[in-house]
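Visitor: would you be able to build a 3D model of this:
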Amino acid sequence: MPPFDTGVMAEVPYDAGVPAGVPFDPGAPALVLRLDRNPFHHGTLGAVRSLGRAGVEVHAVVESAASPVARSRHLRRAHVGPAGPIGPDALVDLLLRVSDRIGRRAVLIAMDDLSAIHTAARAPLLAARFHLPRQPPELPRLLADKAELAALCAAAGIAHPQTAVPSGPAEAADAVRRLGLPLVAKWTRPWLLPAAAGLRSTTLVRSPAAARRLSERAGAAGSRLLLQRYLPDAPDSDWFFHGCFTRGPSGAVCLLGGSGRKELSWPVRTGLTAKGSWQPNPEVEAAALRLVAHVGYRGILDLDFRRDPATGVHQLLDANPRPGAQFRLFTEPGGLDVVRALYLDLTGQRVVSGGGGPGRVFVAENYALLSALVGLRDLPARRSRPPGAVPRAGVETAWYAGDDLRPFLAMTRAWTGRGAAKAAHRLRAAARARRVRARPPSPRTGDAPTP
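Guide: Residues are numbered from 1 along each chain as shown. Okay, here's the model as predicted:
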């Protein structure tokens, strides 16, 4: 399979447009859709740049007109999304309005779980206006649901950490006794988490009391709590897979795909990929293909794995039915990535993989800086190269691009502004605390005055 070529890539410039001799018709516009209100989602910018450089007319639904993505020279128009939560029917109305502005049937690229779930659920209502992957409407939701994923892994014979879904605080405490501490606590449907709830999608639980308290918040979270056996962090233990799949005569076909190693993350050890490299991992790749074959998935899939140090087996932690933010790591010398592959597939064009790519490095500049500063003591261990690793062969940055500087500058201003606001808030809170400590105690009611 060409995407899993283990050779070192040729010395060919990246982002050179469309490789000579490979047809690419950019006639259909594209809509990059993101409902997550995160202005620092670099994957959205990556999709805009990837398609725009190939000559596609690119539109994007973003959180505000001030989004760094809206500054990209490769974006034809930014369409501001809703200010609050949105359901599938309201999303259909939004997309139909955007389609009217575009004026032609467009390829729809969902960049977050909520977008992928809602558009798949309402695909029949959108098919006349948008090119979408054809698959069971509930499949993206089943993959993104943490409890459903555990069941799918069990049915497909894919390694997955032992989990429990307690029905209440008592069962949560019992799960702690069975699985041991620490535990990873996840809300099964994180896309339903209200921003006002103050809950994180994933939490490391260190006591039975903490598990009980989280279980009591299930109503506020909008979904069930899942407790999962914790796999300890170790050098070179975190891996991911990106692939674009279509349907062939005998089942799923991988148009482009590859495995990568997470070298830095933010938050440290638990979060998104701040720095990663394209490294062949046959075990990870085989598990990804097994999952896709089992569920019949079509489109782009992002999977996260961690190697269990006790057994050496890579266990699947999460499945995301859309591109991961670091998808541009998996870019071939001619510019083909999973977003371009999906565009070609949905518009009836042939996807020609030229091979090459392992050894490339992806860096999300803002998150990599934070991760390196916070986890400085871990860097020597994390820089070690696992046996069989492919040498470095080119770097892809999330924000900086010589042909498209404005998003990088806008991100830098917004990022430093947010950091300054947080620092000012901490200083004010510390000053208030000092004033409270320095204030003399008030006399108690009923105390006689001092003579």
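Visitor: may I have the phi/psi pair for the nearest residue to P232 once chain neighbours are set aside?
Guide: Leaving aside its chain neighbours, P232 sits nearest to P309 (5.7 Å; criterion: C-beta to C-beta, 6 or more residues apart in numbering). The way it works is simple: take the backbone N, C-alpha and C, and place the C-beta from them, glycine included. Main-chain dihedrals, P309, degrees, to the nearest 10: phi -70, psi -20.
Visitor: can you give me every residue that contacts P309?
Guide: L231, P232, A234, S237 (C-beta atoms under 8 Å, 6 or more residues apart in numbering).
Visitor: A410 too?
Guide: A66, S67, P68, R71.
Visitor: save the residues you listed as a markdown table, and put in neighbour count, distance to T163 and secondary structure too.
Guide: Formatted as a markdown table, these follow (neighbours: other C-beta atoms under 10 Å; distance: C-beta to C-beta, whole Å; DSSP: H, G, I helix; E, B strand; the rest coil):
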| residue | neighbour count | distance to T163 | secondary structure |
| --- | --- | --- | --- |
| A66 | 14 | 40 | coil |
| S67 | 27 | 36 | coil |
| P68 | 24 | 37 | helix |
| R71 | 18 | 42 | helix |
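Visitor: would you map the strands across the stretch 251-400 of the chain?
Guide: 251-266, 272-278, 299-307, 314-320, 361-363, 395-397 (DSSP state E, counting those that start in this stretch).
Visitor: closest one to R105 among those strands?
Guide: Across the strands of the stretch 251-400 of the chain, R105 has its closest neighbour in strand 299-307 (17.5 Å, C-beta to C-beta).
Visitor: all strands for the stretch 1-150 of the chain, in order.
Guide: 30-33, 58-62, 77-80, 106-110, 130-131.
Visitor: what's the pLDDT at the residue nearest to P232?
Guide: At P309, the model reports a pLDDT of 93.
Visitor: where does the prediction get shaky in this structure?
Guide: 1-22, 375-393, 423, 427, 430, 441-451 (pLDDT under 70).
Visitor: pick out the residue closest to the middle of it.
Guide: For the chain, the residue nearest the mean C-alpha position is G324 (4.1 Å; C-alpha atoms, centre = their mean).
Visitor: how about it, what does it touch?
Guide: G43, F240, H242, T273, D302.
Visitor: the last one reaches F327, doesn't it?
Guide: Think D302. Yes - with contact defined as C-beta atoms under 8 Å, D302 reaches F327; the gap is 7.2 Å.
Visitor: end to end, how far does stretch 219-236 reach?
Guide: Stretch 219-236 has an end-to-end distance of 37 Å (criterion: C-alpha to C-alpha, to the nearest Å).
Visitor: next one: it to chain centre, how far?
Guide: 16 Å (C-alpha atoms, centre = their mean, to the nearest Å).
Visitor: dump the strands of the stretch 1-150 of the chain to a markdown table, plus mean neighbour count and distance to G296.
Guide: A markdown table is the format used below for those (neighbours: other C-beta atoms under 10 Å; distance: least, C-beta to C-beta, whole Å):
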| stretch | mean neighbour count | distance to G296 |
| --- | --- | --- |
| strand 30-33 | 28 | 23 |
| strand 58-62 | 25 | 28 |
| strand 77-80 | 17 | 32 |
| strand 106-110 | 26 | 18 |
| strand 130-131 | 22 | 19 |
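Visitor: need those in a markdown table (columns: distance to A341).
Guide: As requested, the strands of the stretch 1-150 of the chain are arranged in a markdown table below (distance: least, C-beta to C-beta, whole Å):
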| stretch | distance to A341 |
| --- | --- |
| strand 30-33 | 13 |
| strand 58-62 | 16 |
| strand 77-80 | 24 |
| strand 106-110 | 11 |
| strand 130-131 | 13 |
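Visitor: residue boundaries of the helices in this structure?
Guide: 42-53, 88-102, 113-121, 123-126, 139-144, 146-156, 169-179, 208-215, 218-221, 282-295, 338-346, 365-374, 379-382, 406-438 (DSSP state H).
Visitor: what's the closest of the ones you listed to A197?
Guide: So among these, helix 218-221 is nearest, using C-beta to C-beta, at 4.6 Å.
Visitor: which residues touch the closest one?
Guide: Contacts for helix 218-221 (C-beta under 8 Å, 6+ apart): W187, L192, L193, P194, A197, L199, R224, L225.
Visitor: for that helix, which positions count as buried?
Guide: A218, A221 (16 or more other C-beta atoms under 10 Å).
Visitor: for G312, grab the count of nearby residues.
Guide: Neighbour count of G312, defined by other C-beta atoms under 10 Å: 8.
Visitor: please report the distance of it from E283.
Guide: Using C-beta to C-beta, to the nearest Å, we find G312 at a distance of 9 Å from E283.
Visitor: swap in K422?
Guide: Taking C-beta to C-beta as the measure, K422 falls 40 Å from E283.
Visitor: cool, and I86?
Guide: Distance, I86 to E283, using C-beta to C-beta: 38 Å.
Visitor: picking up where we left off before, name the member of the contacts of helix 218-221 with the most neighbours.
Guide: Neighbour counts for the contacts of helix 218-221 peak at L225, which has 28 neighbours (criterion: other C-beta under 10 Å).
Visitor: that one touches S215, doesn't it?
Guide: Yes - applying C-beta under 8 Å, one finds L225 in contact with S215, separated by 5.2 Å.
Visitor: next, show the common contact partners of the two.
Guide: P166, A172.
Visitor: and the nearest residue to G27 once chain neighbours are set aside, what does it touch?
Guide: Distances taken as C-beta to C-beta, 6+ apart place T347 nearest to G27, at 7.7 Å, with adjacent residues excluded. Counting by C-beta under 8 Å, 6+ apart, T347 makes contact with D25, G27, A28, V107, H131.
Visitor: the last one bridge partners, please.
Guide: Following DSSP bridges, H131 is listed with bridge partners V107.
Visitor: wait, it sits on V107?
Guide: Yes - taking contacts as C-beta under 8 Å, H131 lies within contact range of V107: 4.5 Å.
Visitor: common neighbours of the two, please.
Guide: A28, L346, T347.
Visitor: coming back round to it: K422 and E283: which is more packed in?
Guide: More crowded of K422 and E283, by other C-beta under 10 Å: E283, with 15 against 10.
Visitor: the more buried one against H314, yeah?
Guide: Yes - contact criterion C-beta under 8 Å: E283 and H314 qualify, at 5.1 Å.
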